[in-house]
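1. Quick one: sequence and predicted model below, then my questions.
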Amino acid sequence: MKKVRVRFAPSPTGPLHMGGVRTALYNYLFARRNKGVFILRIEDTDQKRYVKGAEEYIINALEWCGIEVDEGLNRGGEFGPYRQSERKDIYRQYADILLDKGFAYYAFDTPGELEEARKENEKSGKTFTYDATTRENMSNSLVLSEQRVKDKKDRGVPYVIRFRMPENEILVFNDIIRGRIEVNTSTLDDKVLFKSDGMPTYHLANVVDDHLMQISHVIRGEEWLPSLPLHVLLYRAFQWDKPEFAHMPLTLKPDGKGKLSKRDGDRLGFPVFPIEWKNPETGETSSSYRESGYFPDAFINILAFLGWNPGTEKEIFSMDELIEEFSLERVVKAGSRFDPEKAKWFNQQYLRMKTTNELMPGIMKEMEGRGLEAETAYIAKVLELVRERMTFIHDFWEHSWFFFIPPEKYDDKVVKKRWKENSPAMLEEMIVVLESIIEFSSAETERVIKEWIESKEYGMGQILSPFRLAIVGGSMGPHLFDIIGLIGKKETITRLRKAIDSI
Ligand code: GLU
């Protein structure tokens, strides 16, 4: 196999959404797996669609995900520049080669004339395509005399350069994921390769750059599959070896109906962007994985499984494991439905696997955000008691507040069900027992209290339910004795007294 060189080639038309990050990820995994090079190239030939900040966003998003660029934008390399707008001069000479060899032609049709041709066709129920059946009636260098073409150009009449699509030819080529593809060229139109603003279109710039940058495999979204025949024909016209192609399946909305779009996230209640994006025009921010509390490694795992699977039961893969296992052959053809609940599940698995040290900075920030102070060692102990219940770091407080502050109110339903007439007296009695315990640990308090309950022939629930109610204000939380072991004797008794007085 030739040296693997792959590229991620986003257009800076806005923030990258998760489908875009997945494209980058599959390219990255493929490059690493094959000891190749992962290149970042910016395709910004469409200046009208350029969005300020998008390039920076792409770089930051990849960095957060741990997808390292080897060559390209911000990294340099011997095939630069890596921003297409800086390669403007390169493309024209390639358009000229196609013109010289008769694979392309000048077209002078004005927007008005094209509109007219469209309307004319509509009248007879047809859609206009600029192709072998219509090009003879249009204003282009295939019809006009050489002199007229020269005159128009000399006078500065705007023109585009179009590809001359062969007629009725069966094109056959291969895609690593989709297999053999056959297309009749008569179903394709004479695409514009070079625009009147002096810029190439995506097709020309993309093919020229992939060739000049020695790209070995083009791995991109399925939405580019319709462009592939033209790209294959361009390689043929230039007499260049073409790269291998792999078109990845679409990412679908959770209900499977249609492609997951940038607008879906906030509408359907889950993030679609990797990191926060602030719309430079409206100032609006869209929800994102990082800001929603996802770990980057969980996010990567989620994306990896959107269209790929290892063929085993294993679902948790670190980046290194993905690199080890990834292959394009195991990428599926069918669109992959995004499951937001499964995404949360992945994050929960990662949260469980992380060490306390890894989680502590995030937890401390949560605490500070609430203006609360506690010793790190204490917080770490609480974390160990509640981490199984958490999906995100920001769930910490919801599951642990009673380790830090006493309950302000008591859950009505629990009071009705569990707080009996004799509860205050029994708890008073228990307080005396608690007071006598010297080593106020979880294990010791549990042993003493349970022995006491048994000796008195009380029911466990009769004591422990009102006890918990007094400590946490309801029926939730981890093992009761773990809680009191941490909050300590004094606080435990204070809470019991308060409950006796106020319920
Ligand atoms: N600039 C294209 C995009 O925005 C790249 C497609 C390709 O990889 O060829 O997705």
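-> Cool, the structure landed. The structure presented is a predicted model; accordingly, all values stated were derived computationally and were not measured.
2. Against residue 468, how distant is the closest residue to residue 450 other than its chain neighbours?
-> Nearest non-adjacent residue to residue 450, counting by Cβ to Cβ, 6 or more residues apart in numbering: residue 460, 7.5 Å away. To be clear about C-beta, it is placed using only N, CA and C from the backbone, and glycine gets the same treatment. Separation of residue 460 from residue 468 (Cβ to Cβ, to the nearest Å): 11 Å.
3. got it, and residue 377?
-> Distance, residue 377 to residue 468, by Cβ to Cβ: 25 Å.
4. ok, now residue 323?
-> In terms of Cβ to Cβ, residue 323 sits 48 Å off from residue 468.
5. The two: who's more crowded?
-> Counted by other Cβ atoms under 10 Å, residue 323 and residue 468 do not tie: residue 468 has more neighbours, with 21 against 16.
6. these two touch, right, the more buried one and residue 475?
-> Yes - Residue 468 lies in contact with residue 475 (Cβ atoms under 8 Å); the separation is 6.3 Å.
7. what packs against the lowest-mean-pLDDT helix or strand in the chain?
-> When each helix and strand of the chain is scored by mean pLDDT, DSSP states H and E, helix 264-268 comes last, with a mean of 79. Using 3 or more Cβ pairs under 8 Å, 6 or more residues apart in numbering; DSSP states H and E, no helix or strand is in contact with helix 264-268.
8. now residue 475: how far from residue 464?
-> The value you get for residue 475 to residue 464, if Cβ to Cβ is used, is 10 Å.
9. Tell me which of these two has more neighbours.
-> Neighbour count, other Cβ under 10 Å: between residue 475 and residue 464, residue 464 has more, with 17 against 13.
10. So for the least confident helix or strand of the chain, what gets flagged as buried?
-> 264, 265 (16 or more other Cβ atoms under 10 Å).
11. Next: stretch 398-409.
-> 399, 400, 401, 402, 403, 404, 406, 407.
12. Can you name the two of those residues that sit furthest apart?
-> Pairwise distances across these (Cβ to Cβ) peak at 16.3 Å, for the pair 399 and 406.
13. Pull up the residues of the protein that are close to the ligand.
-> 9, 10, 11, 43, 202, 206, 220, 224 (Cβ under 6 Å from any ligand atom).
14. that older thread, moving C-terminal from the least confident helix or strand of the chain, which element do we reach first?
-> Note on helix 264-268: by DSSP states H and E, the next helix or strand toward the C-terminus is strand 277-278.
15. Let me see the residues that make contact with that following strand.
-> 14, 15, 53, 57, 284, 285, 286, 288 (Cβ atoms under 8 Å, 6 or more residues apart in numbering).
16. Which of those fall in strands?
-> Counting by DSSP state E, the members of those that fall within strands are 285, 286.
17. With neighbour count and pLDDT added, can I get the contacts of strand 277-278 in TSV?
-> TSV is the format used below for the contacts of strand 277-278 (neighbours: other Cβ atoms under 10 Å; pLDDT from 0 to 100):
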residue	neighbour count	pLDDT
14	19	90
15	23	92
53	15	92
57	22	96
284	10	87
285	13	88
286	18	87
288	22	95
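18. Could I get the full set of strands for the protein?
-> Going by DSSP E, the chain shows strands at 5-8, 37-40, 71-72, 104-107, 160-163, 170-175, 179-184, 192-194, 217-221, 244-248, 251-252, 277-278, 285-286, 336-337.
19. What distance do you get for residue 360 to residue 488?
-> Residue 360 is 22 Å from residue 488, by Cβ to Cβ.
20. So for those two, which sits in the more crowded spot?
-> Set residue 360 next to residue 488 and count neighbours by other Cβ under 10 Å: residue 360 wins out with 16 against 11.
21. so the more buried one touches residue 382, yeah?
-> No - if you go by Cβ under 8 Å, residue 360 and residue 382 don't touch, sitting 11.2 Å apart.
22. Now for those two: what residues contact both?
-> With Cβ under 8 Å, 6+ apart, residue 360 and residue 382 have no common neighbours.
23. who touches the nearest residue to residue 225 once chain neighbours are set aside in this structure?
-> In space, and not counting its chain neighbours, residue 225 is closest to residue 247: 4.7 Å by Cβ to Cβ, 6+ apart. Taking Cβ under 8 Å, 6+ apart as the criterion, residue 247 is in contact with 175, 177, 178, 220, 221, 222, 224, 225, 228.
24. Retrieve the pLDDT associated with residue 247.
-> Looking at residue 247, its pLDDT is 98.
25. who does it bridge with?
-> residue 220 (DSSP bridges).
26. Could you tell me what pLDDT the model assigned to residue 78?
-> pLDDT, read off for residue 78, is 97.
27. again with residue 492
-> 98.
28. Let's see which of the buried residues of stretch 398-409 end up in helices.
-> Among the buried residues of stretch 398-409, the subset assigned to helices under DSSP state H consists of 399, 400.
29. Quick check: the gap between residue 375 and the ligand.
-> Look at residue 375 and the ligand: by Cβ to the nearest ligand atom, to the nearest Å, they are 50 Å apart.
30. what about the nearest residue to residue 228 once chain neighbours are set aside, neighbour count?
-> The shortest distance from residue 228 to any non-neighbouring residue, by Cβ to Cβ, 6+ apart, is to residue 245 (6.3 Å). Applying other Cβ under 10 Å, we find 21 other residues in the vicinity of residue 245.
31. Check the one 3 residues further on too.
-> Residue 248 is surrounded by 28 other residues when neighbours are defined as other Cβ under 10 Å.
32. Name all residues that make contact with it.
-> 22, 23, 26, 177, 219, 220, 221, 222, 307, 331 are the contacts of residue 248 under Cβ under 8 Å, 6+ apart.
33. Quick check: the residue of the stretch 101-250 of the chain nearest the ligand.
-> As assessed by Cβ to the nearest ligand atom, the ligand sits closest to residue 220 within the stretch 101-250 of the chain, at 3.5 Å.
34. Count residues in the vicinity of that residue, would you?
-> Counted with other Cβ under 10 Å, residue 220 comes out at 22.
35. ok, it touching residue 23?
-> Yes - proximity of residue 220 to residue 23 meets the contact threshold set by Cβ under 8 Å, at 6.0 Å.
36. mean pLDDT for the strands of the chain: which is lowest?
-> strand 285-286 (a mean of 88).
37. Span of stretch 97-112 from start to end?
-> Terminal residues of stretch 97-112 lie 29 Å apart, using Cα to Cα, to the nearest Å.
38. Which parts of it count as buried, going by neighbours?
-> Here stretch 97-112 shows 98, 99, 103, 104, 105, 106, 107, 108, 109 as buried, counting by 16+ other Cβ under 10 Å.
39. and if you look at stretch 354-362?
-> Buried, per 16+ other Cβ under 10 Å, within stretch 354-362: 354, 359, 360, 362.
40. Same list (these) but as a markdown table, adding distance to residue 273 and pLDDT.
-> Converted to a markdown table, the buried residues of stretch 354-362 look like this (distance: Cβ to Cβ, whole Å; pLDDT from 0 to 100):
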| residue | distance to residue 273 | pLDDT |
| --- | --- | --- |
| 354 | 23 | 97 |
| 359 | 24 | 97 |
| 360 | 27 | 96 |
| 362 | 20 | 95 |
